[in-house]
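*Asks:* whatever this is, show me its structure:
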Amino acid sequence: MSDTRFPASIATPAETIDDVAHQLIAIIEWSKQNNSRLGYFAALYRKVIFQTKKGIEQGFFDDGPRMARLVVIFANRYLHACYQYQAGRMPTQSWARAFDETKHWWPIVLQHLLMGMNAHINLDLGIAVAETVPPEELPDLKGDFDKINQILASLVGGVQNELAEIWPLLGSLNRYLGSVETTIINFSMEKARDAAWLFAKTLSPLSTEQRQQEIAEKDTGIALFSNVISHPGFSGSLVNKIIRLGERGTIRQRIEILE
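*Replies:* Residues are numbered from 1 along each chain as shown. Next up is the predicted model:
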């Protein structure tokens, strides 16, 4: 019998990357038990965390401890938003929009992933960067910040294969049209990463009060942009409906594929 209570461990901020991984696993397992589409983004995110940790351990980044600190601060924004939402409290508007969509049948898996990326990268990443280092050290972080995109890009091929397993026709379309999902996801991540760095530069020299005002304004804009993802016009919505009708498997099975 499933337990509808959200994992209590998520209420406590993660202190290490291993803590983040364990909390993501808790969300994924809860999502499987409760047939929640929250698990789609969490499953993808867990792989990002694993690859980033591996990069830190192998010396891929110039400053491993600094990157680990950024990863934890960044992830805690997502984890806290999950907990707030499930506890009936209001997270940022951007995350509220993404989480609200998980209750609806029509969005395809790719839309759920893009909604999560919209909230987490377009809003949370810039905030996390600004909180990781003081303003005078921000330029030194740029090189490692750019390396994050290399890790994300390395995962896109796997995501494409997983989406093709959920919607088998995708494999045939990609052979004729090129890698549709790879193009969409890479474009989204690159644009979001560049915007996140600019946002971090804006936030970094501000006082706490000024940051909160800037974040609130940014959050409103990112939440509005989520409409483009959830309602991509008549033609885009029609294509998504066709894809959705062809997606196979239960929510649990799709989460397992994305893992």
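*Asks:* quick one: low-confidence parts of this structure?
*Replies:* 1-3, 156-160, 168-189 (pLDDT under 70).
*Asks:* can you give me the helices in it?
*Replies:* Counting by DSSP state H, one finds helices in the chain at the ranges 17-33, 38-57, 64-86, 93-101, 109-119, 126-132, 138-166, 169-177, 180-203, 208-230, 233-246, 251-258.
*Asks:* nearest to Ile10, of the ones you listed?
*Replies:* If you check each of the helices of the chain against Ile10 by CB to CB, helix 64-86 wins as the nearest, at 4.4 Å. C-beta coordinates here come from the backbone N, C-alpha and C atoms, glycine included.
*Asks:* what packs against the closest one?
*Replies:* Counting contacts by 3 or more CB pairs under 8 Å, 6 or more residues apart in numbering; DSSP states H and E, helix 64-86 packs against helix 17-33, helix 38-57, helix 93-101, helix 126-132, helix 138-166.
*Asks:* quick one: that helix to helix 17-33, angle?
*Replies:* In terms of direction (axes from the mean of the first three to the mean of the last three CA atoms, to 10 degrees), helix 64-86 departs from helix 17-33 by 30 degrees.
*Asks:* buried set for helix 64-86?
*Replies:* Neighbour-count burial for helix 64-86 flags 64, 66-86 (criterion: 16 or more other CB atoms under 10 Å).
*Asks:* one more: stretch 94-101?
*Replies:* For stretch 94-101, by 16+ other CB under 10 Å, it's Ser94, Trp95, Ala96, Arg97, Ala98, Phe99, Glu101.
*Asks:* tell me how many other residues crowd the nearest residue to the fourth one once chain neighbours are set aside.
*Replies:* So the one you mean is Arg97. In space, Arg97 comes closest to Ser226 once its chain neighbours are excluded; the distance is 4.3 Å by CB to CB, 6 or more residues apart in numbering. Using other CB atoms under 10 Å, Ser226 has 23 other residues around it.
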